[in-house]
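Visitor: Here is my input, please return the structure:
(chains A and B)
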There are 2 protein chains.
Amino acid sequence: MTGSSRNRLYVALIHHPVIDKNGTTIASAVTNLDLHDIARVCRTYGVKGYYVITPLKDQRVLVKRILDHWATGVGGIYNPSRRQALELVRVKATSDGMIAEIAQAEGLWPKTVATSARRHLSSLSYRRLREMLIEATPLILAFGTAWGLSDAFMDAADYILDPLTGEATYNHLSVRSAASIILDRLLGETI
Amino acid sequence: MTGSSRNRLYVALIHHPVIDKNGTTIASAVTNLDLHDIARVCRTYGVKGYYVITPLKDQRVLVKRILDHWATGVGGIYNPSRRQALELVRVKATSDGMIAEIAQAEGLWPKTVATSARRHLSSLSYRRLREMLIEATPLILAFGTAWGLSDAFMDAADYILDPLTGEATYNHLSVRSAASIILDRLLGETI
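Guide: Reported below is the predicted structural model:
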């Protein structure tokens, strides 16, 4: 089994810069179930922190209100396991803010691994990334909402992870499903 | 890669008999995102059919209305890939109705594999179930909504699958995440 003691992996859910259906860069809206589902997967697999990135102030206020409901409100009493999961969530306006916070906490500059449904040149295999998790460098696994991370974000990332592939002709997983599968591949028991 | 040509795997999302927080057997409400997320995973990995089981007639009508929106309504025009995924969904009142339909389509009686967050005696490993997928017998992988499948359902199932395990002390994935991870373990490329 893996856990926070064995890895320095963080997850980031990016709401800007992502693209819409037409390829235009947008800031997407936060989805409540993205917070819950991905936080529960992060907690299950021992991810160190789950960052929700949005430049929209009202969206950050909304996320904090949801977190408060579970951290100190009636939600945490009704369902303590949900509270435990959502304790991992941090909200930041930008990826730079996240990177600075992780660098300070870990004492080492983190590297960013972007995920994509498309195949890119010299992308990283799951096997290689699994090996990298036991190295000292903190890693941020970034997922795009809407139609995915923008080219600018991909270009600025240190690595791009291999896409998930099933049927050759269909590749349209929700970000919740993609994050679940990828974290199991990286941190789950080898089967 | 895997696909419908290589396996006879069906997925069932059970809304009754499942248990609530207190262990009482209930019929849970259908969640829109369970339809979408799990249908997209099924389509990605080549699952043959995705059955939504609920004895509540108004819930079956609701599911059919959602499916119609995507099959013949504006949804399918706006997002054809979503239509392709939801085409896999079938709605039945009972598991018996599903089993009879699959038996007729396949010409062989299917076996049911129940999933659970708890470990059971003589449960099936992922490796063994992966091997069983290339055999002729159709298989139904059953997921429970709410707090999981009832003991009566588990006892009646032909097999119980090993639970997903991450951190030893935490095991509270959403059914959407659990279905995503398990289908990747069974049908995804070996990494």
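
Visitor: thought A:Tyr45 was touching A:Leu183?
Guide: Yes: with contact defined as Cβ atoms under 8 Å, A:Tyr45 and A:Leu183 form a contacting pair (4.8 Å). C-betas here are computed from N, CA, C, even on glycine.

Visitor: Between those two, point out the one with more neighbours.
Guide: Taking neighbours as other Cβ atoms under 10 Å in any protein chain shown, A:Tyr45 and A:Leu183 compare with A:Tyr45 leading, 27 against 24.

Visitor: which residues sit in contact with A:Val175?
Guide: A:Leu13, A:Asp34, A:Ile38, A:Phe143, A:Gly144, A:Thr145 (Cβ atoms under 8 Å, 6 or more residues apart in numbering or on different chains).

Visitor: Can you point out the buried residues in the helix or strand of chain A with the lowest mean pLDDT?
Guide: Least confident element among the helices and strands of chain A, by mean pLDDT, DSSP states H and E: helix A:74-78 (a mean of 83). For helix A:74-78, a neighbour-count test (16 or more other Cβ atoms under 10 Å in any protein chain shown) marks A:Gly75, A:Gly76 as buried.

Visitor: Can you confirm whether it lies near chain B?
Guide: No: residues of helix A:74-78 contacting chain B under Cβ under 8 Å from any Cβ of the partner chain: none, with a closest distance of 8.6 Å.

Visitor: Please put the alpha-carbon coordinates of that helix into CSV.
Guide: This file holds the C-alpha atoms of helix A:74-78, laid out as CSV (Å, rounded to 0.1, in the frame of the first residue of the first chain):
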residue,chain,number,x,y,z
VAL,A,74,-23.5,19.9,10.1
GLY,A,75,-22.1,17.9,7.2
GLY,A,76,-19.0,16.8,9.1
ILE,A,77,-21.2,15.4,11.9
TYR,A,78,-23.6,13.7,9.5
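
Visitor: Relative to the whole chain's centre, how far out is that helix?
Guide: Centre-to-centre, helix A:74-78 and its host chain are 25 Å apart (Cα atoms, centre = their mean, to the nearest Å).

Visitor: Does A:Thr25 touch A:Val18 like I think?
Guide: Yes: with contact defined as Cβ under 8 Å, A:Thr25 counts as touching A:Val18 (7.2 Å).
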